[in-house]
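A.B. asks: No letters, just coordinates:
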DNA sequence: GGGCAATGATTACAACTGTAATCAATAAGG
DNA sequence: CCTTATTGATTACAGTTGTAATCATTGCCC
C-alpha cells in the first residue's frame, strides 16, 4: 500500500464518508477551502487508483469510485508511523506531550480513563 | 516554521540528540540504514538552514550546526496535525484506535492511567 | 610552498505533489 | 442528426524531496 499524499487524503476522506461516488460528486464534497477544480479532483482520483487506494466500477460512461483500503487500516498505519518516529513507538509520551501542551481537557481525560478501564475488563 | 521533510527529520533527530556538530559528525550519527553519503547530509543541512530549522556558527573554516527549533515544539505541531486530520482533533479516538490494534499493552494502560491521574491533581 | 584532503556552495536530476489545461470519446438534448 | 456538455485520459509545469556530483576554497602534511 503506497503512501497517500496530503491532498489525496482529502479525497479519501470524502469516499470513506460516502461511496461509491462519481468524480463530479467527489468534487462537490471535497472541502471548499481546497479550492480544487474538477480536473484536479480527477487527477487525485487517477493517482489514488494507480496507488491501489481506490477501486472503480464502470457505470455507463463514467466510473463510480470507492475506497480500496479501510480507513481504520490507513489511520492505524499513519498514526503508528508517527508514534514510532517521534515517540519511539510508545503512546504514553504522546499523551504526556499533548497534556503538556494543554491539548487535553478534563473531559478528554475522563473519557480516556473510561476507555482504559473498559480495555482492562 | 516551514515543514520538515521525512529525511530532514532524521538530521534534526541527530542534532536534537547532540549539538553542536559539524557536517561530518552529523553524517556519522545519521542512522546507517539511510545509507547517506556525506554530500547528501550536507544538502539536508543546507535545506534545514534555509528553512530556519537549524542555525550554524562558523568554527574555523567549517560550521557547527545546532537546532533552531525545539524538538518538543516540532513534535507537538506534527502530532497535533495528525490528530486534527485523522481524529478531528480528539485524542480519545487515537487511543481507541491503538487499543483496537493491540498497540497498547497492559503496562501501557497502567502507565497512561497513572499519567492521567497525575494530570487531574 | 605545493598538492591533497576537508568543507561549504552550486548544480543536477528523477520521483512525487499540487494544480491544472487539453484532448478524445460519447451520451443527451434540440 | 448535429452540437454540446460530460467524463476519463493524457500531458503540463512548477515546487519539494531524495540522493547525489562537481566546484571552489583553504588549511595541513611532506
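C.D. replies: Noted; the coordinates are in hand. In this text, all values refer to a predicted model and were calculated from it rather than measured experimentally. Numbering: from 1, shown residues only, chains lettered A, B, ... in the order given.

A.B. asks: Which of the helices and strands in chain A ranks last by mean pLDDT?
C.D. replies: helix A:91-100 (a mean of 86; mean pLDDT, DSSP states H and E).

A.B. asks: what mean pLDDT does the helix or strand following that one have?
C.D. replies: For helix A:91-100, the following helix or strand on the C-terminal side (DSSP states H and E) is helix A:106-120. Model confidence over helix A:106-120, given as mean pLDDT, is 89.

A.B. asks: name the element residue A:77 belongs to?
C.D. replies: Going by DSSP H and E, residue A:77 is part of helix A:71-87.

A.B. asks: swap that for residue A:56, please
C.D. replies: strand A:54-59.

A.B. asks: Can you mark which positions in the helix holding residue A:77 are buried?
C.D. replies: Of all the residues in helix A:71-87, those buried under the rule 16 or more other CB atoms under 10 Å in any protein chain shown are A:74, A:75, A:76, A:78, A:79, A:82, A:83, A:85, A:86, A:87. Yep, even glycine has a C-beta here, placed from its N, CA and C like the rest.

A.B. asks: And chain B, is it touching that?
C.D. replies: Yes - against chain B, helix A:71-87 shows contacts by CB under 8 Å from any CB of the partner chain at A:72, A:75, A:76, A:78, A:79, A:80, A:82, A:83, A:85, A:86, A:87.

A.B. asks: Number of residues surrounding whatever residue of chain A ends up closest to DNA strand C?
C.D. replies: The nearest approach of chain A to DNA strand C comes at residue A:7, 3.1 Å away (CB to the nearest atom of the strand). Neighbour count of residue A:7, defined by other CB atoms under 10 Å in any protein chain shown: 15.

A.B. asks: Let me know the helix or strand that it is in.
C.D. replies: Assigned by DSSP H and E, residue A:7 belongs to helix A:6-17.

A.B. asks: Which helix or strand lies directly C-terminal to that helix?
C.D. replies: Counting by DSSP H and E, the next helix or strand C-terminal to helix A:6-17 is helix A:23-29.

A.B. asks: what does that following helix contact?
C.D. replies: A:11, A:14-15, A:17-18, A:21, A:36, A:38, A:41-42, A:45, A:62-63, A:65 (CB atoms under 8 Å, 6 or more residues apart in numbering or on different chains).

A.B. asks: of all those, which comes closest to residue B:31?
C.D. replies: residue A:11 (33.3 Å; CB to CB).

A.B. asks: Can you check the pLDDT for the closest one?
C.D. replies: For residue A:11, pLDDT reads 97.

A.B. asks: That one reaches residue A:30, doesn't it?
C.D. replies: Yes - look at residue A:11 against residue A:30 with CB atoms under 8 Å: they come within range, at 6.6 Å.

A.B. asks: List, one by one, the residues from chain A near chain B.
C.D. replies: Residues of chain A found near chain B (CB under 8 Å from any CB) are A:9, A:72, A:75-76, A:78-80, A:82-83, A:85-87, A:90-92, A:94-101, A:103-104, A:106, A:108-109, A:111-113, A:115-116, A:119-120.

A.B. asks: Noted, bye for now.
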